[in-house]
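[1] what shape does this take:
(one chain, ligands or ions: 1)
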Amino acid sequence: TFTDQYAVFGHPISHSKSPRIQQLFAIQTGQNLEYTAQDVSPEQFSERVKAFFGDGGKGLNCTVPLKELAWQFADQLSERAKLAKAVNTLAVQADGSILGENTDGIGLVNDLTGNHQISLNSKRLLILGAGGASRGIIGPLLACHPASLIIVNRTAGKAETIAGEFAGIGNISSCVYDELPNQQFDLVINATSASLSAELPPLPDGLLAEHGSCYDLAYANQPTAFVKWGHTQQAVHSLDGLGMLVEQAAEAFFIWRGIRPQTADIIALLNNERQIHAN
Ligand code: NDP
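    Model (predicted):
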């Protein structure tokens, strides 16, 4: 008998924690599967995906810079993947067709509301950045009925386009960084890739409302520049994206295996490991 094969495709991919996380889920739930990380460039994408599923592979995660290609590749799309125009999870259906799903947003919401009890209902949300990650999280955030969601981006046109596409499902608008002074938010989510180069978008003091929180989609062994900024602004929570990473992986595991893994112990384990790394 063959062991069911799963993988994450990305470029670069060597740093990926996904194989570790999926292996921990498999052990915890008693599932027999193999999950590898594979370096796949955009040029190779469709050939490699076809070969993977052609060889009997059951499911794929796709990460930077492949989420839009995965969206184009899928035979069917979930409603939220359709809107996001980005797919991070591919799964073989019973009829052999490939379903595309995006679990990033639900992963973020589960980390915020489930693991950290940060409520989104009636709150003022600000998203920094208008790339693929931003697209992936907006639908599930709007589904939590925030009072408002503003998306701010360096390149204004990209934020305007996204706000237009999601206008039908919630109170969403866009602005530029110069328009942030004198506005206040209960939750500021950093969906830019600035953290990856230790940079910080231009954020005014006083942006965070009293009792507000910060969330950086990026994660590292040390606190990111944005997480540190949150602490300087007296954020109640200033979190990075490790919890989201585990939660989006748990959703993908559920789509593939029909079993929902417990995430708390695994998030705690990964947090412990990076404290050891950082010291
Ligand atoms: P993209 O490259 O698609 O988008 C990057 C965005 O960041 C753009 O809006 C860009 O603005 C903006 N940006 C980059 N540098 C700066 C800067 N110095 N100042 C202001 N804005 C900046 O990236 P993704 O959307 O794919 O990923 C964004 C982040 O989310 C990454 O850090 C990624 O690791 C993280 N992520 C985490 C996940 C998790 O599970 N925790 C899941 C998915 C993503 P412009 O348009 O003007 O160029």
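[2] next, the residue of the stretch 51-200 of the chain found nearest the ligand: phi, psi?
    When distances are taken as Cβ to the nearest ligand atom, the stretch 51-200 of the chain approaches the ligand most closely through residue 131, which lies 2.0 Å from it. (Each C-beta comes from the backbone N, C-alpha and C, glycine too.) For residue 131, the backbone dihedrals are phi -100, psi -160 (criterion: degrees, to the nearest 10).
[3] that one against residue 194, yeah?
    No - taking Cβ atoms under 8 Å as the contact criterion, residue 131 and residue 194 are not neighbours in contact, 10.9 Å apart.
[4] mutual contacts of these two, please.
    By Cβ atoms under 8 Å, 6 or more residues apart in numbering, residue 131 and residue 194 have no common neighbours.
[5] against residue 67, how distant is the residue of the stretch 51-200 of the chain closest to the ligand?
    According to Cβ to Cβ, to the nearest Å, residue 131 and residue 67 sit 10 Å apart.
[6] residue 184 now?
    Counting by Cβ to Cβ, the gap from residue 184 to residue 67 is 32 Å.
[7] out of these two, which sits in the more crowded spot?
    residue 67 (26 against 14; other Cβ atoms under 10 Å).
[8] excluding chain neighbours, what is closest to that one?
    residue 86 (4.0 Å; Cβ to Cβ, 6 or more residues apart in numbering).
[9] tell me the spacing between the nearest residue to residue 11 once chain neighbours are set aside and residue 10.
    Distance criterion Cβ to Cβ, 6+ apart; nearest residue to residue 11, sequence neighbours excluded, is residue 41 at 5.0 Å. Computed with Cβ to Cβ, the distance linking residue 41 and residue 10 is 10 Å.
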